[in-house]
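Chemist: can't give you the sequence, but here's the structure:
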């Protein structure tokens, strides 16, 4: 993300309302509109199907660096002016980069959509990346990496685990890029990336809010319609070979407490009508940690008291493969090894005995309620539409998501656990905490007080 | 889903605003609980928050962590139900029980579907949690351990270390000085009786602010509020907190094995309801609150590439909250970045914003006004702030006018009254020699 203060992403689940408009302009730009007339505001997002998974070794992180450079000016709108114009119109704006995509958004009063489109269309085609501004911005990105990864032990563990769990798939690389690649990145790398992917036929415009779909499409034609399509590079599948045995790594970092992260390879939703496993794995994550006394919390945190925290997560929607993950922090005096055994015990219990009808009903009730709650956030509705589009899933898949989850049976959950949560598919990372030892204090000057 | 998540600090510095369309209804229950209600039937759901002056500033000396532990224990056994029964009953109807905790406030939130069966079950749990928490011995022992582990885990994070040191340096002996989560040694010593006493004194009807937002009628809102308040203790409203005194100039350096220094600069700022609120809030947009529009972001990040984030804010609290300026930068440019930030602050205090900058700030704040109240959740948060801090009911209606009324002279005068560039607290975590 360009700035961490911009947005707080809720982890809500559920599907958007019906009546989504989904059209593609002649130049390949896809336009998706979700009308929602609760408040006189709208959110507009431009999604590019270009994320860190589309990068090459040596220039990892360039998708995210380009995201930063998108605010550094075009001929018509010089550096800083994009943000200034949106701000003057009362807007909030930011951008975010993931493995699968890079997206830019503005939240504004409903009648200011035209400004947002005008500016986005301009920087889709006319970005100027000067070496001088690039040199400044790459420093900012390196600071972002230090802030979010280098100095956060659990982030370091996650980064190492991904690099180990995936042998060939580009998901093995961090979104923000390796530090060495950032240090050696050039303005030309960013210009090449922009030339390769920033075209209307690689973009999806998502607008949600108090708008009329017809008017949105007309505006999109007006501002984006004249931008020419260009052929996109061939995307290689880069499929991950089947893992042939468990993997285990230890990461040392300054910290007070150890930490455990376990990840099993898992499928994503591809044929949304026929696939059943991704829905079953979502239910399984809910059974394991969907409430304060779900299995992991109840067994590990409350009863055995072997962990102070434990949770499970799984994301079914992505361009590439997924992982089913469990992370936990051991309680004082408990070893990571014992904690891992306890987690394995819970997995085996599901595989052996399945889940109860009450547990299944509980998770489904949460899914149904979350679908209502999610409608309270315009931004999240747009996010989901964008994520589905990027993953190659139609809006119908989102609209019927809750029905598909409601159809999951206890047998399917047990079968999914048996098939996917197996040792040969597992990678385990352990944080081995190193002392936060006192370092030599800065040379004292008059009036300076030292703590610790 | 335990009641532990803290409100993000900057949420509290958001000003309150609303369209004319938001009609706030306000009354008191016979027991003295203050109620704020907005009726809205667009979504089939109901949000409730109940706040008490039971934040960490209410920790008795030597019991730092009592307020946090009490808050965290509310839903871990109440009204004859175990922690597991509470969690399961909520999940069974898709309800979310949450909470907010900071130095001033301890709050519980409930989000539920408004259909009768779901709502009834969810409210039943909320009533038990607020009125009859049991604080079981075994759960106290477990949650003490988890709270202490959380404190230790956060010690690896240079940002958290800096934040704690900042409040210590700024507030000295004032109850805002110690961290919200408390002190591990003090937490070890807490007893069940401590929790029960704290609960009775602070989670009382006269102390309660109940906010309701969503798909219920006025009559039903009254019934819910009455039921919630009726079972609370009758303890009188808590005394006011002492007023903070200005902190002595200090320069705190803490070694940390991080790749960046976390730099915080600040002073004691303003309380909620301060007459200078609008000049300081609007002025700070120009200084460091307006993101990419702000001087700090331009000077520290855009021009020099020193940091990913550079900001400033006033955090208005019950008593004067902090003014804080912050950035993070790699170790060897700490001094250079700190100098740029302090120079930017010094110049702003001396000269104030330009007319153009102020116009831009006002355009953004007033033009972005509808975004502040575009969801039930946001409106609920504002109801809770209005109630807890006793802000006038028309605060929302007059907000835009008050922003528009701010001029350059008002900003300059307000900043000059609050901040002296030669009397600041500076905290640097990471620092030279750490690696």
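Modeler: Nice, thanks for sending it over. In this text, all values refer to a predicted model and were calculated from it rather than measured experimentally. Numbers count the residues shown, from 1 in each chain, chains lettered A, B, ... in the order given.
Chemist: Run a quick neighbour tally on whichever residue of the stretch 351-452 of chain A sits closest to chain B.
Modeler: Residue nearest to chain B within the stretch 351-452 of chain A (Cβ to the nearest Cβ): residue A:369, separated by 2.5 Å. In short, each C-beta sits where N, CA and C put it, glycine included. Summarising burial for residue A:369: neighbours were counted as other Cβ atoms under 10 Å in any protein chain shown, giving 25.
Chemist: ok so it is a helix residue?
Modeler: Yes - assessed with DSSP: H, G, I helix; E, B strand; the rest coil, residue A:369 lies in a helix.
Chemist: Which single residue in the stretch 51-200 of chain B comes nearest to chain A?
Modeler: Closest point on the stretch 51-200 of chain B to chain A, by Cβ to the nearest Cβ, is residue B:94, at 2.5 Å.
Chemist: Same question for stretch A:41-60: list its buried residues.
Modeler: Neighbour counts over stretch A:41-60 (16 or more other Cβ atoms under 10 Å in any protein chain shown) mark A:41-55, A:59-60 as buried.
Chemist: Within the helices and strands, which one has the spatially closest residue to residue A:290 that is not a sequence neighbour?
Modeler: Leaving out its chain neighbours, the residue that sits closest to residue A:290 by Cβ to Cβ, 6 or more residues apart in numbering or on different chains is residue A:363, at 5.5 Å. Counting by DSSP states H and E, the element that carries residue A:363 is helix A:357-374.
Chemist: Residues in contact with the helix or strand just after that helix: which ones?
Modeler: Using DSSP H and E, the helix or strand that directly follows helix A:357-374 along the chain is helix A:378-390. Surrounding helix A:378-390, the residues in contact under the criterion Cβ atoms under 8 Å, 6 or more residues apart in numbering or on different chains are A:7, A:9-10, A:12, A:15-17, A:20, A:30, A:32, A:34, A:36, A:38-39, A:41-43, A:45, A:47, A:49, A:100-101, A:103, A:105, A:107, A:204, A:206-209, A:317, A:319, A:374-375, A:394-395, A:397-398, B:374-375.
Chemist: Helix A:357-374 and helix A:378-390, what's the angle between them?
Modeler: Calculated by axes from the mean of the first three to the mean of the last three Cα atoms, to 10 degrees, helix A:378-390 forms an angle of 110 degrees with helix A:357-374.
Chemist: mean confidence for helix A:378-390?
Modeler: Across helix A:378-390, the average pLDDT comes to 98.
Chemist: Averaged pLDDT, the following helix or strand past it. What do you get?
Modeler: Using DSSP H and E, the helix or strand that follows helix A:378-390 in sequence is helix A:395-399. What helix A:395-399 shows for mean pLDDT is 95.
Chemist: and helix A:395-399, which residues are buried?
Modeler: A:395, A:397, A:398, A:399.
Chemist: Just confirm the last one contacts residue A:20, I think it does.
Modeler: Translated: residue A:399. Yes - using Cβ atoms under 8 Å, residue A:399 is in contact with residue A:20, at 7.3 Å.
Chemist: Tell me if I'm right that residue A:289 and residue A:298 touch.
Modeler: No - Residue A:289 is not in contact with residue A:298 according to Cβ under 8 Å; the separation is 9.7 Å.
Chemist: what about the two, which has more around it?
Modeler: residue A:289 (24 against 21).
Chemist: and the more buried one, what does it touch?
Modeler: A:295, A:296, A:297, A:310, A:311, A:312, A:313.
Chemist: Quickly name whichever of these is closest to chain B.
Modeler: Among the contacts of residue A:289, and counting by Cβ to the nearest Cβ, the member closest to chain B is residue A:297, at 7.8 Å.
Chemist: And for the closest one, the neighbour number?
Modeler: Residues lying near residue A:297 (other Cβ under 10 Å) number 24.
Chemist: SS state for it?
Modeler: Assignment for residue A:297 (three-state DSSP): helix.
Chemist: correct me, but it touches residue A:310?
Modeler: Yes - using Cβ under 8 Å, residue A:297 is in contact with residue A:310, at 6.5 Å.
Chemist: quick one: residue B:107 and residue B:53 touch, right?
Modeler: No - taking Cβ under 8 Å as the definition, residue B:107 is not a contact partner of residue B:53, at 10.2 Å.
Chemist: got the contact list for the helix or strand containing residue B:201?
Modeler: Using DSSP H and E, the element containing residue B:201 is helix B:192-202. If you take Cβ under 8 Å, 6+ apart as the criterion, helix B:192-202 is touched by B:52-54, B:58, B:63, B:66-67, B:69-70, B:73, B:106, B:133, B:135, B:137, B:140, B:233, B:235, B:238.
Chemist: at 6 Å what do you get?
Modeler: Outside helix B:192-202, the residues that touch it by Cβ atoms under 6 Å, 6 or more residues apart in numbering or on different chains are B:52, B:54, B:66, B:70, B:135, B:137, B:140, B:233, B:235.
Chemist: ok so, going back, can you name the residues that contact the residue of the stretch 351-452 of chain A closest to chain B?
Modeler: Residue A:369 neighbours (Cβ under 6 Å, 6+ apart): B:94, B:113.
Chemist: can you tell me how far it sits from residue B:108?
Modeler: 18 Å (Cβ to Cβ, to the nearest Å).
Chemist: Kindly report the same for residue A:147.
Modeler: Separation of residue A:147 from residue B:108 (Cβ to Cβ): 33 Å.
Chemist: Any stretches of the stretch 151-300 of chain B with poor pLDDT?
Modeler: Under the criterion pLDDT under 70, no range of the stretch 151-300 of chain B is flagged.
Chemist: Tell me how far the residue nearest to residue B:60 when sequence neighbours are not counted lies from residue A:345.
Modeler: Distance criterion Cβ to Cβ, 6+ apart; nearest residue to residue B:60, sequence neighbours excluded, is residue B:66 at 6.7 Å. Distance from residue B:66 to residue A:345, counting by Cβ to Cβ: 36 Å.
Chemist: Compare those two (neighbour count), which wins?
Modeler: residue B:66 (25 against 12).
Chemist: got the contact list for the more buried one?
Modeler: When contacts are counted by Cβ under 6 Å, 6+ apart, residue B:66 touches B:59, B:190, B:194, B:198.
Chemist: can you pull out the helices in the stretch 51-200 of chain B?
Modeler: Assigned by DSSP state H, counting those that start in this stretch, the helices in the stretch 51-200 of chain B fall at B:66-73, B:83-92, B:116-131, B:137-154, B:158-171, B:184-189, B:192-202.
Chemist: Ok, the stretch 201-350 of chain B next?
Modeler: Taking DSSP H, counting those that start in this stretch as the test, the helices found in the stretch 201-350 of chain B are B:218-230, B:277-284, B:295-296, B:334-351.
Chemist: Residues contacting stretch B:148-167, please?
Modeler: A:151, A:153, A:255-257, A:308, A:451, B:177, B:179, B:181, B:184, B:187, B:252, B:254, B:256, B:258, B:262, B:264, B:427, B:429-430.
Chemist: circling back: which among the buried residues of stretch A:41-60 are in contact with chain B?
Modeler: Of the residues in the buried residues of stretch A:41-60, proximity to chain B by Cβ under 6 Å from any Cβ of the partner chain holds for residue A:41.
Chemist: Point out where chain A drops to low pLDDT.
Modeler: Checking chain A against pLDDT under 70 turns up A:1-18, A:438-452.
Chemist: Now it against chain B: closest residue?
Modeler: Closest point on chain A to chain B, by Cβ to the nearest Cβ, is residue A:90, at 2.0 Å.
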